[in-house]
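K.L.:
Quick one, what's the 3D model for this:
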Amino acid sequence: MKKIKIDQIRNIGIMAHIDAGKTTVTERILYYTGRSHKIGEVHDGEATMDWMTDEQERGITITSAVTTCQWNKNQIQIIDTPGHVDFTIEVERSLRVLDGAIGVFCAVGGVQPQSETVWRQADKYKVPRIAFINKLDRIGANFFGTVDAIKEKLGASPVAIQLPVGSEENFSGVIDLIKMEMIVWNDDSLGAEFETDPIPSDMMDEAETWRDAMIEALSDVDEEIMEAYLAEEPVTNEQIIAALRKGTIDLSIVPVLCGTALKNKGIQPLLDAIGNFLPSPVDIPSAAGTHPRTGEELTFQQKDGEPLSALVFKVSMIEGRKLSFARIYSGKLIAGSEVFNPTLNKKEKLSRILLMHANRKERVTEAGAGAIVGIVGLKDTSTGDTLCNADNQVMLERIDTYEPVISIAVEPKTHADQDKLDTVLTKFTAEDPTLKVRVDEDTGQTILSGMGELHLEIIISRMQREFNTDVNVGNPQVVYRESVSKASTATVTFDREMAGITHFANLTVELAPRDLGAGNDFISNVSEETLPANLQAAVKKGVMDAMDSGTLLGYPVVDVMATLSGAETREGQSTELAFSVGASMAMREALASGAPYLLEPVMAVEVFVPDDFMGEVIGDLNARGGKIEAIEPDGGIQKIISAVPLSRMFGYSTTLRSATQGRGNFTMKFSHFDRSAEK
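P.N.:
The predicted structure follows:
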């Protein structure tokens with residue numbers, strides 16, 4: 001394989017709202033760069049990058065796929081990321097290792113909810129971006145409205161470097177505002193061939209106006225252009241390209257291109273823009289890390305000769321084998337060598353290094369700085385771990401994950417499925433940091449928690465397809481608690497012969513309610529002269545054991561005070577067993593006559609919504625029995641803080657997205673138990 005200079009590498013991601021055309025854009029890039037010889041269409045289930053069965057059936061991207069292609073002198077390494085909010089972690093961990101990104105926007109939908117989310121994620125990692133306004137052939141397409149929306153909704157500084165020629169069904173090409181020429185594609189060649197023509201006379205004034213606007217915007221980022229602009233002197237194309245590159249890399253501007261990927265128009269200029277404007281690894285700051293033991297800050301230059309530093313940003317189980325994806329920031333990875341994982345403080349062996357093309361692989365013997373590769377052989381390394389040399393240790397910043405917001409309960413359908421379930425779930429959680437698995441101690445159910453109902457639906461589908469494991473699925477059972485609302489007293493005499501031995505106990509237990517959240521307690525008002533210490537301990541054990549299961553529905557009892565107020569013994573017959581069992585019987589009687597009631601788990605819920613949807617969201621929370629505790633502005637949106645019964649929160653993720661056009665999100669965690677309004 002021909003050696004590529006690091007300044008010729010472009011590590012880019014393609015990101016957008018679902019159905020904006022990311023995967024279609026990627027398929028055209030692969031076709032025009034010669035990486036694939038057939039255009040795969042999403043709607044036919046044949047897209048190269050959507051290789052999973054669930055992706056092909058649903059026509060959406062679920063997992064980020066990596067590929068490499070060549071355009072002119074540059075090697076472009078592309079990650080096609082999902083657009084659905086349930087798979088946000090795929091975007092997050094991809095952006096963490098990318099140097100640049102293309103934001104794809106639908107010319108009809110404009111800046112859609114998930115576009116905002118991924119744009120904020122790119123802001124977080126300071127990733128330079130160019131924008132591609134897609135679907136200009138669709139009815140309702142509005143190029144200029146989308147440019148305005150990028151400015152208003154995303155807080156970006158878009159700079160149009162192209163204009164569409166025609167719109168909707170009349171869209172025929174683009175005007176290049178740098179070279180001031182029109183580009184028209186040949187439909188017979190599937191867009192592979194195109195020609196340049198003079199700008200039509202009826203569009204010349206508009207083109208000159210937008211070129212002036214482009215140069216004016218660039219004068220803010222380039223002194224040479226500012227001087228020429230103020231002196232009303234001509235600006236060369238080379239100056240414009242250099243200024244666009246500078247402004248893109250320092251995040252002050254976003255070049256905007258346009259086209260229609262489905263109709264094969266606009267992709268080649270987009271490829272040129274990737275090389276011209278997006279950074280190579282050497283154009284951005286080197287990855288900073290710390291020494292795992294001393295905490296000393298370390299920075300290695302992005303060169304092959306530097307000490308090794310690589311970040312594992314994704315783990316996949318492909319055909320039952322663990323495949324780790326890594327971005328190499330400095331140094332080299334060599335197949336068959338050992339690397340050190342400072343997170344685990346252990347060495348791992350690299351069996352194979354692979355260049356990835358979606359789910360197809362090409363083996364290589366080594367990979368250097370700037371490369372994104374697949375690795376086979378890392379047994380224990382997981383997402384966010386650093387790979388380095390044992391004698392030059394460094395730990396790179398880990399990847400943020402998200403807490404799951406929705407849960408389901410699963411149980412195996414057969415004994416054979418039971419044996420496989422734990423293994424399958426272990427593989428899924430290694431692959432997906434946002435998937436959490438736990439066993440509920442109270443119900444024994446296996447609970448899966450994820451980012452949304454589609455996320456969990458895909459997991460269940462993959463269990464069956466990839467691992468032949470069938471499960472029954474249902475909502476997790478809500479675990480209630482029991483308490484009493486009034487004081488009660490119970491006296492019990494236990495007098496039985498067991499195995500030839502008589503056991504006797506007589507005792508009185510008083511039960512009283514405590515404040516919510518106060519917990520359970522036991523005290524004895526009987527002296528040790530009346531009841532020896534060992535028998536008092538037996539009484540306490542019997543009382544506390546009885547609190548494990550209430551008399552109403554068998555849930556644990558909370559927030560009660562039990563008092564031993566009287567006891568009577570019989571010489572030679574009063575045993576620890578008698579007083580323990582007798583105390584448990586007395587507690588059962590006292591609980592039954594203490595007007596027991598149910599307590600339900602209440603969740604602390606924080607909902608983040610734009611102002612326009614506040615009324616509907618608050619109304620829905622109230623309908624669920626929630627109590628609104630506060631409303632706070634939080635970065636241009638409103639944060640609604642509330643307490644809502646857990647039993648009313650199932651399905652809330654989907655309801656919130658429907659009510660807010662996908663722009664709302666929420667966090668939820670356990671707060672306290674409170675008296676149930678339902679039972």
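K.L.:
Gly103: what's its closest spatial neighbour, skipping adjacent residues?
P.N.:
Once flanking residues are discounted, Gly103 sits nearest to Ala131: 4.8 Å by C-beta to C-beta, 6 or more residues apart in numbering. For the C-beta atoms, the positions are set from N, CA and C on the backbone; glycine is no exception.
K.L.:
Under a three-state scheme, what state does that neighbour occupy?
P.N.:
Classification of Ala131 by DSSP: H, G, I helix; E, B strand; the rest coil places it in strand.
K.L.:
In the chain, spot the helix with the most residues.
P.N.:
What stands out as the longest helix in the chain, according to DSSP state H, is helix 201-219.
K.L.:
Show me which residues of that one are buried.
P.N.:
Applying a neighbour-count criterion of 16 or more other C-beta atoms under 10 Å, the buried positions in helix 201-219 are 203, 207, 210-211, 214-215, 217-219.
K.L.:
Same question for stretch 289-307.
P.N.:
Neighbour-count burial for stretch 289-307 flags 289-290, 292, 298, 300, 302-304, 306 (criterion: 16+ other C-beta under 10 Å).
K.L.:
for those residues, which one is nearest Gly662?
P.N.:
Gly289 (36.1 Å; C-beta to C-beta).
K.L.:
give the contact list for the closest one.
P.N.:
Going by C-beta atoms under 8 Å, 6 or more residues apart in numbering, Gly289 touches 297-300, 309, 386, 394-397.
K.L.:
so where's the stretch 451-600 of the chain uncertain?
P.N.:
Counting by pLDDT under 70, the ranges of the stretch 451-600 of the chain that qualify are 451-453, 476-477.
K.L.:
can you do 90?
P.N.:
Low-confidence segments of the stretch 451-600 of the chain (pLDDT under 90): 451-480, 498-500, 516-519, 549, 552-555, 572, 600.
K.L.:
what about the helices in it?
P.N.:
Along the stretch 451-600 of the chain, the stretches classed as helices by DSSP state H, counting those that start in this stretch are 453-467, 533-546, 576-592.
K.L.:
What's the first helix or strand after the lowest-mean-pLDDT helix or strand in the chain?
P.N.:
Across the helices and strands of the chain, mean pLDDT, DSSP states H and E gives its lowest value to helix 53-58, namely a mean of 44. Remark: after helix 53-58, the chain's next helix or strand is strand 65-71, criterion DSSP states H and E.
K.L.:
That next one packs against which elements?
P.N.:
In terms of contacts (3 or more C-beta pairs under 8 Å, 6 or more residues apart in numbering; DSSP states H and E), strand 65-71 is packed against helix 22-32, strand 74-80, helix 267-277, strand 352-357, strand 372-376.
K.L.:
Take those and write them to JSON lines, including mean neighbour count.
P.N.:
Formatted as JSON lines, these follow (neighbours: other C-beta atoms under 10 Å):
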{"stretch": "helix 22-32", "mean neighbour count": "26"}
{"stretch": "strand 74-80", "mean neighbour count": "24"}
{"stretch": "helix 267-277", "mean neighbour count": "21"}
{"stretch": "strand 352-357", "mean neighbour count": "20"}
{"stretch": "strand 372-376", "mean neighbour count": "23"}
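K.L.:
wait, which of these is closest to Lys669?
P.N.:
Among these, strand 74-80 sits nearest to Lys669 (C-beta to C-beta), with 31.8 Å.
K.L.:
Would you mind getting the angle between the closest one and strand 352-357?
P.N.:
Calculated by axes from the mean of the first three to the mean of the last three C-alpha atoms, to 10 degrees, strand 74-80 forms an angle of 80 degrees with strand 352-357.
K.L.:
need the strands for the stretch 251-400 of the chain, in chain order.
P.N.:
Remark: strands assigned in the stretch 251-400 of the chain by DSSP state E, counting those that start in this stretch are 254-258, 288-290, 297-299, 309-318, 321-330, 333-334, 338-341, 346-349, 352-357, 360-364, 366-367, 372-376, 386-388, 395-396.
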